[in-house]
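J.: A structural model of the following input is requested.
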Amino acid sequence: MSPASDQAAMGDDIVYPSAIPFLIVHLGCLAAIWTGISWPAIVLCVTLYWVRMFAVTAGYHRYFSHRAFATGRVFQFILAFLAQSTAQKSVLWWAAKHRHHHLHSDTERDVHSPRHTGFLYSHIGWVFTRQHWDTDFGQVPDLTRYPELRWLDKVELAPAFLLGAFCFLVAGWSGLVVGFLWSTVLVYHATFCINSLAHVRGSRRYVTGDDSRNNLGLALLTMGEGWHNNHHAYQSSARQGFRWWEIDASWYILKLLSWLGIVRDLKAPPESVLRNEQRLGTRTVHRAAEQLAARFDSAHIANLQPPHIPSRAELLAQAKAMFAKTPSIDLIVDRGRELLLAAVDRHLAAPNMAPPATSG
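T.: As a prediction, this is how the structure comes out:
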């Protein structure tokens, strides 16, 4: 099946009734026309945006998905509860999907890749497909051993409903609409932009075999998650802003919490990564090599009489133009040339391929 037909199939798989609550939350924001916008509600909105964004970045992402630091079960539950108050499904579901994303980032098996499924689907559409409804517990065996996290998986929306009720008690209907719904929608789309926009717009310091990018604007909105290329280069780091000027608010808070003894064992990238001198893994080299080989039209090359295979020097020049500096550039080029030669061979072996010209 072609990528286009794959995308169409995934679009057909979207269960639109399951998106109705999501749309109601958005439409509910318009109720502020009738409830008014009170100052207590605005304070709630701003506070809940940043508190819950931290729960998403430090909880859903850095702790539950990547185990970038350690903490006790009480704070673990607090992070999980606050994260699920964003109504982005359970921590087990979130972590499982995110770990799957890193295994297949920007390949056809990625759950949300703008390259293969389009921007809108990668931003939000994938959440409402049947194939992504269930939690893949096999991806999170380290988390399923906690009964409180399994319980939260069963009552995934309870934290959101309780927080909504709290906002109503504090500031009435305006607190519910402006304080809760507005902040929820803002957290939704700031988070979703990391799946979509952070794979489309920004700069790339590292070769990661995918389209992850660093984006200052997103980093400010998401408390550091916008340094997405850094993150894909070293996924287990609790710090995603690798340079002093790369603002990473979640890291600053985690550092403070470590001084207070609430979290510990904050993982950080080694010096080789910070200097961009690390050797790339086999999977990353292969994915980068696939991208390099794809820049050359293997069908056109095979149809030339005789076929002209680009030299290694040509592939190296193309690789240097495509990728950030890496000590593994020669491995990428050599693997890319192997893939290109294999693609040309397949075209030459095709039944309808005209035989190459021979000298008479």
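J.: now H308: how far from W245?
T.: 46 Å (Cβ to Cβ, to the nearest Å). C-betas here are computed from N, CA, C, even on glycine.
J.: hmm, who's touching stretch 18-27?
T.: A87, I124, V127, F128, W133, L181, T184, V185, Y188 (Cβ atoms under 8 Å, 6 or more residues apart in numbering).
J.: mind listing what's buried along that stretch?
T.: By 16 or more other Cβ atoms under 10 Å, the buried positions in stretch 18-27 come out as V25.
J.: and if you look at stretch 138-157?
T.: Here stretch 138-157 shows Q139, V140, L143, T144, Y146, L149, L152, D153, E156 as buried, counting by 16+ other Cβ under 10 Å.
J.: endpoints of stretch 296-305, how far apart?
T.: 17 Å (Cα to Cα, to the nearest Å).
J.: same check on stretch 210-217?
T.: Span of stretch 210-217 from end to end, Cα to Cα: 20 Å.
J.: for that stretch, buried residues please.
T.: By neighbour count on 16+ other Cβ under 10 Å, the buried set for stretch 210-217 is D210, D211, S212, R213, N214, N215.
J.: how far is that stretch from where the chain is centred?
T.: 10 Å (Cα atoms, centre = their mean, to the nearest Å).
J.: tell me which stretches of the chain form strands.
T.: Using DSSP state E, the strands of the chain run over 70-71, 263-264.
J.: give me the distance from the first one to the chain's centre.
T.: When you say that, I think you mean strand 70-71. 23 Å.
J.: spatially central residue in this structure, please.
T.: N195 (4.1 Å; Cα atoms, centre = their mean).
J.: separation between the nearest residue to it once chain neighbours are set aside and H101?
T.: Counting by Cβ to Cβ, 6 or more residues apart in numbering, H112 is the residue found nearest to N195 once chain neighbours are left out, at 4.5 Å. Distance of H112 to H101, computed by Cβ to Cβ: 7 Å.
J.: list residues touching both of these two?
T.: Common neighbours of H112 and H101 (Cβ under 8 Å, 6+ apart) are N195.
J.: which of the two has more neighbours?
T.: H112 (25 against 18; other Cβ atoms under 10 Å).
J.: contacting residues for A324?
T.: A324 sits next to R204, R205, Y206, V207, N276 when contact means Cβ under 8 Å, 6+ apart.
J.: where does it land on pLDDT?
T.: If you check A324, the pLDDT there is 89.
J.: any chance of a markdown table for the buried residues of stretch 210-217, columns distance to D106 and pLDDT?
T.: Below are the buried residues of stretch 210-217 laid out as a markdown table (distance: Cβ to Cβ, whole Å; pLDDT from 0 to 100):
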| residue | distance to D106 | pLDDT |
| --- | --- | --- |
| D210 | 4 | 94 |
| D211 | 5 | 95 |
| S212 | 8 | 96 |
| R213 | 11 | 97 |
| N214 | 16 | 98 |
| N215 | 16 | 98 |
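J.: return the subset of the residues you listed lying in helices.
T.: For the buried residues of stretch 210-217, not one is inside helices, with DSSP state H as the criterion.
J.: turn those residues into CSV, columns for distance to A96.
T.: Listed next are the buried residues of stretch 210-217 as CSV, based on distance: Cβ to Cβ, whole Å:
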residue, distance to A96
D210, 19
D211, 22
S212, 20
R213, 24
N214, 26
N215, 25
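J.: could you chop the chain up by domain?
T.: Here the domain assignment for the chain is 3-269, 282-349, based on automatic domain parsing.
J.: and those, which one is worst for confidence?
T.: domain 282-349 (a mean of 87).
J.: end-to-end on that domain?
T.: Length of domain 282-349, first residue to last, Cα to Cα: 29 Å.
J.: how far away from the center of its chain is that domain?
T.: Its chain's average C-alpha position is 27 Å from that of domain 282-349, according to Cα atoms, centre = their mean.
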